[in-house]
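Colleague: dropping a prediction and its sequence here:
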Amino acid sequence: MINTLDDLDARGTVVGCRVDINSPVEDGSLLDDSRIRAHVGTLETLLEADARVAVLAHQGRPGGGDSFSTLEPHARRLDTLLDAPVGYVDETHGKSARAAVDALDDGECVVLENTRFYSEEYMTLEPDVAASTHLVTRLAPVFDVYVNDAFAASHRSQPSLVGFPRVLPSYAGLVMERELEVLDDIATTDNPRTYVLGGAKVSGSIDAARDVLARDLADTVLTAGVVGNVFLAAADEDIGKASTDFIYERGYWDEIERAALLLDDYGDRIEFPSDVAVDRDGERVELGLDDLPPGDDEPAMDVGQETLDRYETVLDESRTVILNGPAGVYERDVFATGTRTLYRAAADVETSIVGGGDTASAMNALGIDGFTHVSTGGGAALTLLTGDSLVAVDAIADAPKRSAGD
């Protein structure tokens with residue numbers, strides 16, 4: 001059981017609020033503010049209650065080009081979205097940052113600088129160790145409480161996520177609360193329950209497939225994208241040099257053996273493509289298993305129509321569908337057929353959950369809606385949907401309680 005904003009008397013309280021506003025950035029400008037908008041409800045709730053709010057967030061990662069940038073444009077965008085004044089300071093835990101927090105009046109907000117500008121935030125640490133980092137030891141004394149609304153990052157054990165709850169009364173924000181309500185007990189949704197695992201995050205998808213099958217959370221697992229290609233290779237199908245090289249270059253070669261072991265254990269409940277669409281001189285050409293391997297320079301870019309027909313039949317008979325990852329290179333319209341078809345079929349199911357991240361991006365790019373729930377976080381959502389807990393949520397549950405009168 002975790003505390004939520006309903007449990008917080010926020011008037012005059014200094015709140016350190018961790019959000020996930022990691023957004024596409026180019027030349028210092030935001031290309032998409034959807035993640036920022038997602039947290040408006042939480043911030044408005046706190047500010048309307050006359051809290052003094054310091055926003056903590058990350059943007060990009062070291063070596064990530066334009067995306068590894070300041071949070072100044074995010075602060076400007078929040079200033080237009082919120083009725084309360086929103087400031088910005090170009091430090092995270094230095095003297096200027098602490099002074100900016102101390103200077104807040106009731107109902108005012110300041111955005112602190114990108115937490116990942118400091119190496120500690122890019123480490124995976126146990127909560128006790130995270131609580132001893134500079135970020136936490138310098139900021140916790142100027143905060144009264146901590147609010148975590150960064151569901152999308154809550155599978156990571158990093159200081160801004162698990163360190164503050166070791167030393168401060170802690171609460172879940174509205175985004176976090178909603179995500180947990182929908183995703184935290186997937187076993188209560190109706191069967192047949194189907195997981196569609198696509199995209200290029202092979203290791204996590206194979207982990208997820210084993211977990212949901214072992215726990216009987218999935219009646220069927222459908223695979224597509226690079227994940228589907230790995231399962232094809234695991235079934236001793238020759239997927240061709242281009243696709244094989246891609247798997248090897250991404251460091252997924254050992255995943256083929258893991259997929260093969262999974263097929264040995266649960267092959268009757270795992271579906272993999274029976275045909276693929278390759279790029280042949282810029283055109284979509286579909287090849288059945290008897291036509292494999294394709295040419296050396298013809299990567300598998302999508303699943304074929306035979307696979308889609310089979311998968312649609314499974315989805316039509318399902319009552320719950322969990323989507324994680326696209327079926328192919330949907331960014332090229334000629335190879336968007338698989339993703340578009342499967343997403344539309346999934347949206348018609350009684351309960352349909354989109355795992356966030358690349359899945360939500362594909363959904364938005366293709367203009368498909370009608371899902372029961374679209375998560376704000378791919379990795380975090382997949383963690384919950386496999387029956388595991390989130391380290392940052394566990395940290396909130398274990399946080400010290402606020403004393404009466406504090």
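Modeller: That came through fine. The model shown is predicted, which means the values in this text are computed figures rather than measured ones.
Colleague: residue 336: how many residues sit nearby?
Modeller: Using other Cβ atoms under 10 Å, residue 336 has 21 other residues around it. Glycine gets a C-beta too; all of them are placed from N, C-alpha and C.
Colleague: surely it touches residue 342?
Modeller: No - under the criterion of Cβ atoms under 8 Å, residue 336 makes no contact with residue 342, lying 10.8 Å away.
Colleague: residue 259: which element?
Modeller: helix 253-266 (DSSP states H and E).
Colleague: mind giving me the packing neighbours of that helix?
Modeller: Here helix 253-266 touches helix 202-214, helix 225-234, helix 241-249, going by 3 or more Cβ pairs under 8 Å, 6 or more residues apart in numbering; DSSP states H and E.
Colleague: go again with 10 Å.
Modeller: helix 202-214, strand 220-223, helix 225-234, helix 241-249, strand 270-271 (3 or more Cβ pairs under 10 Å, 6 or more residues apart in numbering; DSSP states H and E).
Colleague: CA atoms of the longest one as PDB?
Modeller: Think helix 202-214. The C-alpha coordinates for helix 202-214 follow below in PDB (Å, rounded to 0.1, in the frame of the first residue of the first chain):
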ATOM      1  CA  VAL A 202      14.800  -8.600 -27.600                       C
ATOM      2  CA  SER A 203      16.200  -9.500 -24.200                       C
ATOM      3  CA  GLY A 204      13.400  -7.800 -22.300                       C
ATOM      4  CA  SER A 205      10.800  -9.400 -24.500                       C
ATOM      5  CA  ILE A 206      12.200 -12.900 -24.000                       C
ATOM      6  CA  ASP A 207      12.300 -12.300 -20.200                       C
ATOM      7  CA  ALA A 208       8.700 -11.100 -20.400                       C
ATOM      8  CA  ALA A 209       7.500 -14.100 -22.500                       C
ATOM      9  CA  ARG A 210       9.100 -16.600 -20.000                       C
ATOM     10  CA  ASP A 211       7.600 -14.800 -17.000                       C
ATOM     11  CA  VAL A 212       4.000 -14.400 -18.300                       C
ATOM     12  CA  LEU A 213       4.000 -18.000 -19.600                       C
ATOM     13  CA  ALA A 214       5.400 -19.500 -16.500                       C
END
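Colleague: quick one: that helix to helix 253-266, angle?
Modeller: Following axes from the mean of the first three to the mean of the last three Cα atoms, to 10 degrees, one obtains 10 degrees for the angle between helix 202-214 and helix 253-266.
Colleague: again, but for the third one
Modeller: Counting by the same axes, to 10 degrees, helix 225-234 lies at 70 degrees to helix 253-266.
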